[in-house]
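[1] What follows is a predicted structure for the sequence shown.
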Amino acid sequence: MIREKVLLVFINFENFRNNTTKKQRHLKTINENIEELKNLTISAGADVEEILCHKQDKPNPKYFIGTGKLEEIKNIVDNKEIELVIFDNEITPTQQRNLQLKLDTKVLDRTALILDIF
């Protein structure tokens, strides 16, 4: 049985420049989210090939992520033959379509993955 190769993407929109305690708590939450999404992905029958975390001020209306990060993800998808990109964040149907066209691979968010499992 061949399992899909997956890239997990975590985008952080929080700003913790001056608050170390808040930043440490947030990092713990991010690590917990990464572990949870990894387990959900494995439960869906796929293999996590790569995990990408990125900090960003606000979502890009067209792609959810900036064009520079989009190019980085495209390179990972091409080089590692990724078949599915899963965003921990919720993305709109339009953003999903735009990402799929640009990355030339299937794109889901956490909610769609959970619905796919159940």
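    Ah, there it is. The structure displayed is predicted, hence computed values, not measured ones.

[2] CA only for contacts and neighbour counts going forward, please
    Fine.

[3] Just the residues contacting the helix or strand hosting Ile114, thanks.
    Using DSSP states H and E, Ile114 sits within helix 110-117. Among residues not part of helix 110-117, those counted as contacts by C-alpha atoms under 8 Å, 6 or more residues apart in numbering are Leu37, Leu40, Thr41, Ser43, Ala44, Ile86, Phe87, Asp88, Asn89, Glu90.

[4] Give me the buried entries from these.
    With neighbours counted using 16 or more other C-alpha atoms under 10 Å, these contain these buried positions: Leu37, Leu40, Thr41, Ala44, Ile86, Phe87, Asp88.

[5] Throw those into JSON lines and include secondary structure and distance to Lys55, thanks.
    Putting the buried ones among the contacts of helix 110-117 into JSON lines (DSSP: H, G, I helix; E, B strand; the rest coil; distance: C-alpha to C-alpha, whole Å) gives the following:
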{"residue": "Leu37", "secondary structure": "helix", "distance to Lys55": "18"}
{"residue": "Leu40", "secondary structure": "helix", "distance to Lys55": "23"}
{"residue": "Thr41", "secondary structure": "helix", "distance to Lys55": "22"}
{"residue": "Ala44", "secondary structure": "coil", "distance to Lys55": "27"}
{"residue": "Ile86", "secondary structure": "strand", "distance to Lys55": "17"}
{"residue": "Phe87", "secondary structure": "strand", "distance to Lys55": "13"}
{"residue": "Asp88", "secondary structure": "coil", "distance to Lys55": "13"}
